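**Q** fold the following.
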Amino acid sequence: MTILTKKFNTKYTTAPFSKIQNKDFKESFIQLIASSKEEINQIIINTENPTFENTIEALDFTGNQLDRVSSIFFNLNSAETSEEMQKIAQEVSPLLTEFSNDITLNEDLFKKVKAVYDSKESLELSIEQQTLLDKKYKGFVRNGALLNEEQKKKLREIDTQLAKLKLTFGENVLAETNNYQLHITNEEDLKGLPEGAKEAAASLAKSKELEGWVFTLDFPSYLPFVTYVENRALRKEISIAAGKKAFQNNQFDNQNNVKEIVRLRHERATLLGYPTHAHFVLEERMAQNPEKVITFLNDLLDKAKPAAEKEFAELTVFAKELDGINQLEKWDGAYYSEKLKQKLFNLDDEKLKPYFKLENVLKGAFTIAEKLYGITFKEVFDIDKYHEDVQTFEVLDFEGNLVSIFYTDFFPRKGKRNGAWMTSYKSQWIKDGINERPHISNVCNFTPPTPTKPSLLTFNEVTTLFHEFGHGLHGMLANTTYPSLSGTSVYWDFVELPSQVMENWCYEPEALALFAKHYVTGEIIPQEYIEKIKESASFLEGIATMRQLSFGLLDMAYHGKVQTIKDVKSFEENAFENTKLYPDVAENCMSTSFSHIFQGGYSSGYYSYKWAEVLDADAFTYFQENGIFNKEVATKFKENILSKGGTEHPMTLYKKFRGQEPKPEALLKRAGLIE
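**A** Numbers count the residues shown, from 1 in each chain. Alright, predicted model coming up:
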């Protein structure tokens, strides 16, 4: 027995991070897989006729502690990893894949599930129970329950290989990110760089016992460099370094991993009777099939492309006038966009950052959630955490009942992957009359405080915080019976609605007045800045839309057609052909570090960011029509979207909230792509 194999004896049964040792994990996984198998065996050997309660419901509540330990381990492997953790991940991932296959390929268990499914017309099930029954039955069929023994064996082999390949892909990207640094000793080379970014780079150099300044491929270090540094050659150097991650024919090269992941996914889909991996994935999405996704992306492309080409031409003219640049390259994009933005709106991040102290922005997000959904956030210091940067909060309703535990982890460090994400350490469910409340976490990589300044966020980081907090609310406000339908367990092209809709409050004067206060003077952000933020919201939106569409189309090229990929780079170039604005960079390849689709869960799903933007623009229009803090609209959103998880079809839930299907016009109007 280890500390992980039994119920945690902690406040709210939170994860006992400080008491967990890496050596506990593998042993715990082995023990918990065994005990979960025994729970499943009890369902199989039950001599009573299969019922919803003794089969479907029982199955959903099995392996509870295994799920918790898995979430702890894999979340730590993203936020606080080490070579030892990565080695354990490579060892336990195949065990978990095998266990998952042991369930879905178990004929005796499937017979019981099928018996309940076949009699569903005669059962008096609630909508949530019907959804769970459908999900369980499909879960078996989509994972090979109808295959013969030889095919099942093949499926197990594919799943084991894929689990390992995805881990390796992510480890390679992290290694390449950590292996690069740009060390600068001549201050003249940093001309244009804001003081805050310079100070952070000096602090990083000092921590590495180096003179001068150090820049890395971590976003808070990389982005200010390519946005502000006047030295074009250095912008080019770091930009190329970022673009060639895992594309250097070294031990961390991901080209073969990309090819192999795509090949195995296709093989798996055809084994299960689907034309492609995208057909398999999209069956369980609002979009339904690849044809619909490609039509959706191309329709948006038709509307965005003229705007993007016009914007790019204007940016090119501007760069030529300013610096005599004849051809804009990728390392020029952020730099001249920022310069043009400053010229047009007299607004830059350095003017705005003093108004966006991290603590104030977080408090602002909390206040907005309180106004909308009636919950409060109280920082507590008696809940264990895995790193000193982590903060812990009790989330309470107005009666003082616990809604959720909320963890935040905001700064970059060596063992933490890039990006921002929401995750869960414990799901929500109701059993034996007890509503088990969730433990939710937001992890980001924001500019850390320096010896002279607190953490001051760029406006982009402000919207990122709100985005992840929106996902967090989806998890925190969950209120379903079954764990597998709870919180963010929804169709993938619906999961971004709560996160993306939350970003809209960052542009509203009424909301900004709550938290955008100068960190020294306490002055609320001037109205003229707010107007400029709103005006500039659709600045170069055509280019930004083209970029997102290019990623969605690349994803569909890999997963929505049958093909052999001989060369990853040329395959990618071909997929980008219709969305290309900048000249290609021979040394760079995006696919080899496209973690969303090759490590995360976005394969055949990258389009969902744009899909959810249609939903969020339409949803926020409803708020705007009635007041952005309108209690009635907020309650409808909470009760029909945030608390319902995956208990009903997303479009049904959306229509219950909105009273109609979403209209794409709201997005196109907001983006300034139509009048």
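
**Q** and the closest residue to residue 242 other than its chain neighbours, how many neighbours?
**A** Closest residue in space to residue 242, ignoring its immediate chain neighbours: residue 217 at 5.2 Å, by C-beta to C-beta, 6 or more residues apart in numbering. Just so you know, the C-beta spots here come from the backbone N, C-alpha and C atoms, and that holds for glycine as well. Residue 217: 22 surrounding residues under other C-beta atoms under 10 Å.

**Q** element containing residue 217, please.
**A** Per DSSP states H and E, residue 217 falls between elements, in no helix or strand.

**Q** do the one 4 residues further on as well
**A** Per DSSP H and E, residue 221 falls inside helix 219-228.

**Q** before we move on, the earlier item: show the model's pLDDT score for the residue nearest to residue 242.
**A** At residue 217, the model reports a pLDDT of 96.

**Q** confirm residue 450 sits in a helix?
**A** No: using DSSP: H, G, I helix; E, B strand; the rest coil, the assignment for residue 450 is coil, not a helix.

**Q** centre of the chain to the helix holding residue 221, how far?
**A** 21 Å (C-alpha atoms, centre = their mean, to the nearest Å).

**Q** ditto for stretch 355-366
**A** 21 Å.

**Q** in that stretch, what counts as buried?
**A** Buried residues in stretch 355-366, counting neighbours by 16 or more other C-beta atoms under 10 Å, are found at 355, 356, 357, 358, 360, 361, 362, 364, 365, 366.

**Q** how deep is the residue lying closest to the third one once chain neighbours are set aside tucked in, by neighbour count?
**A** To tie it back to what came earlier, the one meant is residue 357. Nearest non-adjacent residue to residue 357, counting by C-beta to C-beta, 6+ apart: residue 519, 4.1 Å away. Using other C-beta under 10 Å, residue 519 has 18 other residues around it.

**Q** residue 519 is in contact with residue 454, isn't it?
**A** Yes: in terms of C-beta atoms under 8 Å, residue 519 counts as a neighbour of residue 454; the distance is 6.0 Å.

**Q** what's the overlap in contacts for these two?
**A** residue 357 (C-beta atoms under 8 Å, 6 or more residues apart in numbering).

**Q** who's in contact with the residue nearest to residue 242?
**A** Counting by C-beta under 8 Å, 6+ apart, residue 217 has contacts 176, 177, 180, 238, 241, 242, 245, 418.

**Q** again, only using 7 Å
**A** Residues near residue 217 by C-beta atoms under 7 Å, 6 or more residues apart in numbering: 177, 180, 241, 242.

**Q** of the residues you listed, which belong to strands?
**A** Nothing among the contacts of residue 217 maps onto strands, per DSSP state E.

**Q** now the two most distant members of those residues.
**A** Across the contacts of residue 217, the longest distance by C-beta to C-beta is 9.7 Å; it joins 177 and 241.

**Q** give the bridge partners for the residue positioned nearest the centre of the chain, please.
**A** For the chain, the residue nearest the mean C-alpha position is residue 421 (4.7 Å; C-alpha atoms, centre = their mean). Taking DSSP bridges as the rule, residue 421 bridges to residue 443.

**Q** cool, thanks, talk later.
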